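> Okay, here's the prediction I keep looking at, along with the sequence it came from:
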Amino acid sequence: MAIKENQLVSMYYELKVNGEKIDSNIDTAPIEFVYGTRQIISGLEDRIQNMNEGETKEINVPANEAYGDYDETLVQILPIEDFEGIDLEIGMVLEGEAEDAEPVRATVIDVTKEDVSVDYNHPLAGCDLLFKVTIDKIK
């Protein structure tokens, strides 16, 4: 039975970026989601349509259908005083709230005596994704 709208799908996946495996659930439990509700990235969801239980497929998802293209305007330089009491390290992910109370995540990309550069892009923004997926069950 092929995947259709509003069906519960369980799926195993391995994710590679630039040939490097960065995530997998192959040796654990499958992820479950309702197909068509965008609980997974749209580019992957669109490409698993019509797959069947037990089917395995390699799927390329371009950046613009995954986490978006990298946006230089989402990098900000802020005064170090804004981070008082935080032991900043490059690569550290900071979490906070936007003015509309939505959660915001930023990655520290540079620290000087005066400033901190933070990147609000998703860590995989600008990356094409290669998935190897196996459809476990369709309900």
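Now that the structure is in, tell me what you want to look at.
> which secondary structure elements does the helix or strand of the chain with the lowest mean pLDDT contact?
Sorted by mean pLDDT, DSSP states H and E, the helices and strands of the chain end with strand 93-97, the least confident at a mean of 90. Using 3 or more C-beta pairs under 8 Å, 6 or more residues apart in numbering; DSSP states H and E as the contact definition, the elements that strand 93-97 packs against are strand 103-111. In this view, the C-beta of every residue, glycine as well, is placed from N, C-alpha and C.
> which helices and strands sit right next to the helix or strand following the strand it packs on?
Toward the C-terminal end, the helix or strand that comes next after strand 103-111 (DSSP states H and E) is strand 115-119. Under the contact criterion of 3+ C-beta pairs under 8 Å, 6+ apart, strand 115-119 touches strand 75-79, strand 103-111.
> what lines up beside strand 115-119 in the sheet?
Using DSSP bridges, the strands paired with strand 115-119 are strand 75-79 (antiparallel), strand 103-111 (antiparallel).
> what's the angle from that strand to strand 93-97?
Between strand 115-119 and strand 93-97, the angle comes out at 80 degrees (axes from the mean of the first three to the mean of the last three C-alpha atoms, to 10 degrees).
> got the strands paired with strand 115-119 as JSON lines, with distance to T28, mean pLDDT and mean neighbour count columns?
Compiled in JSON lines, the strands paired with strand 115-119 are given as follows (distance: least, C-beta to C-beta, whole Å; pLDDT from 0 to 100; neighbours: other C-beta atoms under 10 Å):
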{"stretch": "strand 75-79", "distance to T28": "34", "mean pLDDT": "97", "mean neighbour count": "12"}
{"stretch": "strand 103-111", "distance to T28": "24", "mean pLDDT": "95", "mean neighbour count": "15"}
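> Direction included, what does the least confident helix or strand of the chain pair against?
Strand 93-97 is paired, per DSSP bridges, with strand 103-111 (antiparallel).
> of all the helices and strands packed on strand 115-119, which lies closest to T37?
The closest approach between T37 and any of these, judged by C-beta to C-beta, belongs to strand 103-111 at 20.2 Å.
> got the CA positions of that closest one in CSV?
Presented in CSV, the C-alpha positions along strand 103-111 are these (Å, rounded to 0.1, in the frame of the first residue of the first chain):
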residue,chain,number,x,y,z
PRO,A,103,11.4,30.3,20.4
VAL,A,104,14.6,31.5,18.8
ARG,A,105,17.9,29.7,18.4
ALA,A,106,21.2,31.2,17.4
THR,A,107,24.7,29.8,17.0
VAL,A,108,27.7,31.8,18.3
ILE,A,109,30.1,32.1,15.4
ASP,A,110,32.7,34.6,16.7
VAL,A,111,33.5,36.3,20.1
